[in-house]
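Colleague: Here's my sequence, what's the structure:
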Amino acid sequence: MSTAHIHQASTLERVEAPGSMLTKTAAKALAVLRYATGFLFLWAFLDKTFGLGYSTPEAKAWINGGNPTKGFLANVDAGPLQGFFHTIAGTWYANWLFMLGMLGVGLALIAGIGLRVAAASGTLIMAGMWLAEFPLAQHTAKGAPTGSTDPLTDYHVIYALVLIVLAAAYAGHTWGLGRWWAKLPIVRKNRWLI
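Modeller: Numbering: from 1, shown residues only. Predicted structure coming up:
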């Protein structure tokens, strides 16, 4: 490595504005991650709404009278919040909050707008799902093994961290509507809407 490259690398490590270190390649990679994560949330919404035949058969689609939260929450079998999750399983408010949350987070990520709100909302959804699956438990309430492979850093934690990183890195500015969104008067006055 030449001395010019070493000097440039050491300068980047000490830069006071870390955001200025984001390369075009990194910004594009974050945009791809944003789209992929947005599609993940949007797909869950679409599959549960229309029963596309992957995790939800057509007969159990929300538009056909199916219940998007009942199957998951009614089968919670580990953790201290089992009773709570069984109580809200299939309620109208659990269904609507979950489905609107999945739709909102998915659309925000794909559009590249409202990433801070999407990160907060998506993190709440992931925290709730983490608590429902409760990977800390090694055994179910009936004593069977839970099959948990990592008690802390499961996929819900990773998704939440991805959402936070995307919002913090202004990932909606590349291949999204983030720059336009940030210039709107309401967003300028309410920075939490970025």
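Colleague: measure Ala167 to Ala29 for me?
Modeller: Spatial separation of Ala167 from Ala29 under the definition CB to CB, to the nearest Å is 16 Å. (Each C-beta comes from the backbone N, C-alpha and C, glycine too.)
Colleague: Show me which of those two is the more surrounded one.
Modeller: In this view Ala167 and Ala29 are compared by other CB atoms under 10 Å, and Ala167 has more residues nearby, 23 against 14.
Colleague: What does the more buried one show for phi and psi?
Modeller: phi -70, psi -40 (degrees, to the nearest 10).
Colleague: By mean pLDDT, flag the weakest helix or strand of this structure.
Modeller: In the chain, the helix or strand scored least confidently by mean pLDDT, DSSP states H and E is helix 3-14, which has a mean of 46.
Colleague: Residues in contact with stretch 94-107: which ones?
Modeller: If you take CB atoms under 8 Å, 6 or more residues apart in numbering as the criterion, stretch 94-107 is touched by 38-45, 48-49, 62, 67-69, 73, 88, 118, 121-122, 124-125, 163.
Colleague: do the same with stretch 45-52
Modeller: Taking CB under 8 Å, 6+ apart as the criterion, the residues outside stretch 45-52 that touch it are 54-64, 66, 68, 99, 102-103, 106.
Colleague: Any idea how many residues pack against Ala132?
Modeller: Neighbours around Ala132, by other CB under 10 Å: 21.
Colleague: other SSEs contacting the helix or strand containing it?
Modeller: Counting by DSSP states H and E, the secondary-structure element that holds Ala132 is helix 115-133. For helix 115-133, the helices and strands in contact under the criterion 3 or more CB pairs under 8 Å, 6 or more residues apart in numbering; DSSP states H and E are helix 70-74, helix 92-111, helix 155-168.
Colleague: Was I right to think Leu30 contacts Ala168?
Modeller: No - shown here, Leu30 and Ala168 do not form a contact pair, counting by CB atoms under 8 Å, at 10.1 Å.
Colleague: higher neighbour count, the two?
Modeller: The residue with the greater number of neighbours, taking Leu30 and Ala168 and applying other CB under 10 Å, is Leu30; the counts read 21 against 12.
Colleague: which residues sit in contact with the residue nearest to Ala118 when sequence neighbours are not counted?
Modeller: Beyond its immediate neighbours in the sequence, the residue positioned closest to Ala118 (CB to CB, 6 or more residues apart in numbering) is Ala108, lying 3.8 Å away. Going by CB under 8 Å, 6+ apart, Ala108 touches Gly38, Gly114, Leu115, Val117, Ala118.
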